[in-house]
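K.L.:
this one's sequence-less:
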């Protein structure tokens, strides 16, 4: 891959990580604010374990997706320097990201009710749709890896 393309991918990666860091910081600051500063969470003793699961799940899922993003972009940029376009290690990372995306969308759809102490939980279509989209792209990524590998063997 030529040097200008590598440079543009590197700068795009930096921009993605800047926005991801801002979002990650926003989610954590908002949660800390709700838990300890303004104390806006209504604790329901009947649903306390559920509320803790939803709040902790949101923090954990956000952190995992943030770190997966870092790992994906670092691996991609490192492999570009070595001449490999699609590193195989990113395929399994994308599959794990699909699993974490299922958790993230599930807790996000229930977060509003959990902080209000509501007695209900929601399972919406996004909980299944977004992870399937990520799995689809993981499959496309694997095909791209195999095609690039086959192309390099043919030369």
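P.N.:
Okay, I see it. Here the structure is a predicted model, which is why all the values come from computation and not from measurement.
K.L.:
list the buried residues of stretch 59-70.
P.N.:
Across stretch 59-70, burial judged by 16 or more other Cβ atoms under 10 Å covers 59, 61-62, 64-66, 68-69. The way it works is simple: take the backbone N, C-alpha and C, and place the C-beta from them, glycine included.
K.L.:
return the distance of that stretch from the chain's centre.
P.N.:
5 Å (Cα atoms, centre = their mean, to the nearest Å).
K.L.:
please enumerate residues in contact with it?
P.N.:
The contact list for stretch 59-70 (Cβ atoms under 8 Å, 6 or more residues apart in numbering) reads 16-17, 20-21, 23-24, 27-28, 31, 93, 96-97, 100-101, 103-104, 107.
K.L.:
and the buried ones among those, selectable in PyMOL?
P.N.:
Of the contacts of stretch 59-70, the buried ones can be selected in PyMOL as follows, counting by 16+ other Cβ under 10 Å:
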select buried, resi 17+20+24+27+31+93+97+100+101+103+104+107
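K.L.:
so of the buried residues of stretch 59-70, which ones are in helices?
P.N.:
Using DSSP state H, 59, 61-62, 64-66, 68-69 are the members of those that sit in helices.
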